[in-house]
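Enquirer: Task: produce atomic coordinates for the following.
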Amino acid sequence: MSSQHPATSGTRARRRTIPSGLALAGTAVAFMSLYLGAGALTPLLVDYKNRFGFAPEMLNVAFAVYAAGFLVAVLTLGSLSDYIGRRPVLIGGLIVQLASNLLFLAATDVSWVIAGRIVQGIASGAATAAFTAAMLELAPERNKRLGSILGSVSLTGGLALGSILAGLAIELTPAANTIICIVLIVLTVLGGLVAIFSRETGARTPGAMRSMIPRISVPAAARTEFFAAAPVVAAVWMLAGLSGGLAPNMVSSVFGIESPFLGGFSGFVAPAVSTITGVVLATVPSRRAMVIGIYASIIGAVAIIGGATAESLALMVIGQAIAGIGFGSSFTAALQLLVPIVQPQQRAGIVASIYVVSYTAFGLPIVIEGQLVARLGEIPAVVYYTGLTVLLTLVSLVAQARIKRRA
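Expert: The predicted model follows:
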């Protein structure tokens with residue numbers, strides 16, 4: 001390869017100024033900064049609603065547009081780093097993330113917040129696959145699993161830490177938005193420097209423009225597994241949307257507790273538990289992990305419904321924690337069950353299909369729930385929303401049982 005691309009090899013050699021271990025750690029922190037920002041918006045959106053006085057249903061819209069930005073970016077830019085290298089995509093994603101941080105810093109009304117969320121979603125969607133691949137490639141040869149673990153922990157751990165730390169900042173200071181945005185800006189800039197001075201782990205290959213054409217497909221070999229997994233995947237992402245988009249506002253509107261920290265904590269629980277679950281169940285067979293996730297999702301959803309109807313914040317938080325187990329086990333299991341059974345050239349399409357299900361479920365039902373609140377009230381709307389996740393999960397439970405019987 002070096003004889004064919006001497007200029008590229010020479011450039012890589014000159015730029016290897018950061019040792020691989022430091023580059024791996026810095027890349028993980030840079031990746032986490034994307035999701036720290038997304039998690040921080042969990043309690044910040046409630047703060048924006050109170051400061052800017054926008055309608056409650058707009059809170060749901062401001063939360064959900066992140067999913068739209070993410071989905072568009074991941075479908076068009078998700079595989080771009082396979083063709084132009086990791087570094088350009090990482091740097092580009094972090095620049096877009098920096099723009100979103102500046103929008104939130106300057107926000108004066110809900111339109112700024114919505115714009116910031118869309119840009120934030122684009123940044124995450126564009127860079128997530130590149131960050132995940134870069135960490136796997138930077139990990140030592142003897143322990144490539146470390147890269148995969150760091151990718152998972154950085155994503156869900158970033159969401160969890162961002163939520164609870166932002167909630168604490170809002171609780172302690174009236175300048176929380178400024179402090180949070182400046183911290184995120186600093187982390188984003190540092191992440192960009194790490195990307196610039198780390199070695200390029202990818203390679204340039206033809207087909208960059210073609211890779212930006214969305215490819216969504218479910219090959220015949222994967223259809224049974226896909227349609228068995230899709231309902232629970234939708235359910236756990238709906239529950240994730242509840243934790244990130246509905247729960248923080250419910251702390252005050254349903255439970256009557258004016259505590260930004262508890263709002264942040266309600267957004268922290270599910271991704272934190274999901275992070276731990278993903279690590280703990282890493283060696284559990286995929287089919288078993290899927291069934292564990294299905295049962296955990298049902299139990300968690302029922303507990304959330306119980307907490308909302310009984311106006312018990314403790315019960316709702318316990319339900320969110322159990323739902324976090326469902327997310328950490330079933331979503332990972334879905335990927336593990338689907339990706340290996342398709343041809344290598346079909347993997348991007350099947351992963352894209354999973355993301356379409358995931359982020360549609362993450363965003364669209366939240367917007368519909370916001371419209372139902374005005375007609376039914378907040379508690380009935382949350383009960384219907386969460387009840388739908390139970391029905392979806394039961395569909396997957398039946399489908400998994402049929403697959404097991406045929407095996």
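
Enquirer: Check which residues of stretch 307-327 are buried.
Expert: For stretch 307-327, the neighbour count (16 or more other C-beta atoms under 10 Å) marks 307-308, 313, 315-327 as buried. All C-beta atoms are positioned from the backbone trio N, CA, C, and that covers glycine.

Enquirer: Kindly apply the preceding question to stretch 331-344 instead.
Expert: 331, 332, 333, 334, 337, 338, 342.

Enquirer: What about these, which are in helices?
Expert: Per DSSP state H, helices hold the following members of the buried residues of stretch 331-344: 331, 332, 333, 334, 337, 338.

Enquirer: of all these, which comes closest to residue 104?
Expert: residue 331 (27.7 Å; C-beta to C-beta).

Enquirer: ok, that closest one touching residue 236?
Expert: Yes - in this structure residue 331 lies within contact range of residue 236 using C-beta atoms under 8 Å: 5.7 Å.

Enquirer: residues shared between the contacts of these two?
Expert: residue 293 (C-beta atoms under 8 Å, 6 or more residues apart in numbering).

Enquirer: Hmm, residue 181 is touching residue 104, no?
Expert: Yes - between residue 181 and residue 104 there is a contact under C-beta under 8 Å: 5.3 Å.

Enquirer: neighbour count winner among those two?
Expert: Neighbour count, other C-beta atoms under 10 Å: between residue 181 and residue 104, residue 104 has more, with 25 against 22.

Enquirer: Following element in sequence after the helix or strand hosting that one, please.
Expert: Following DSSP states H and E, one finds residue 104 within helix 86-106. Per DSSP H and E, the first helix or strand lying C-terminal to helix 86-106 is helix 110-138.

Enquirer: Could you give me the buried positions within the lengthiest helix in the chain?
Expert: Taking DSSP H as the criterion, the chain has its longest helix at helix 20-52. Within helix 20-52, the residues scored as buried using 16+ other C-beta under 10 Å are 23-49.

Enquirer: Which neighbouring elements make contact with the helix or strand just after that helix?
Expert: Tracing the chain C-terminally past helix 20-52 and defining elements by DSSP H and E, one meets helix 56-77 next. If contacts are counted by 3 or more C-beta pairs under 8 Å, 6 or more residues apart in numbering; DSSP states H and E, helix 56-77 sits against helix 20-52, helix 110-138, helix 223-241, helix 247-253, helix 347-376.

Enquirer: For residue 58, find the nearest of those.
Expert: Per C-beta to C-beta, nearest to residue 58 of the helices and strands packed on helix 56-77: helix 110-138, 5.3 Å.

Enquirer: can you list the weak-confidence ranges in the chain?
Expert: 1-17, 145, 345, 348 (pLDDT under 70).

Enquirer: got the domain boundaries for it?
Expert: Domains of the chain are assigned by automatic domain parsing as 1-214, 215-407.

Enquirer: Run a quick check on residue 245 versus residue 66, I expect a contact.
Expert: No - with contacts counted by C-beta under 8 Å, residue 245 stays clear of residue 66, the gap being 9.2 Å.

Enquirer: re the thing from before, nearest to residue 77, out of the helices and strands packed on helix 56-77?
Expert: Nearest of those (C-beta to C-beta): helix 110-138, 4.3 Å.

Enquirer: how far does the closest one sit from the chain's center?
Expert: 9 Å (C-alpha atoms, centre = their mean, to the nearest Å).

Enquirer: Thank you, goodbye.
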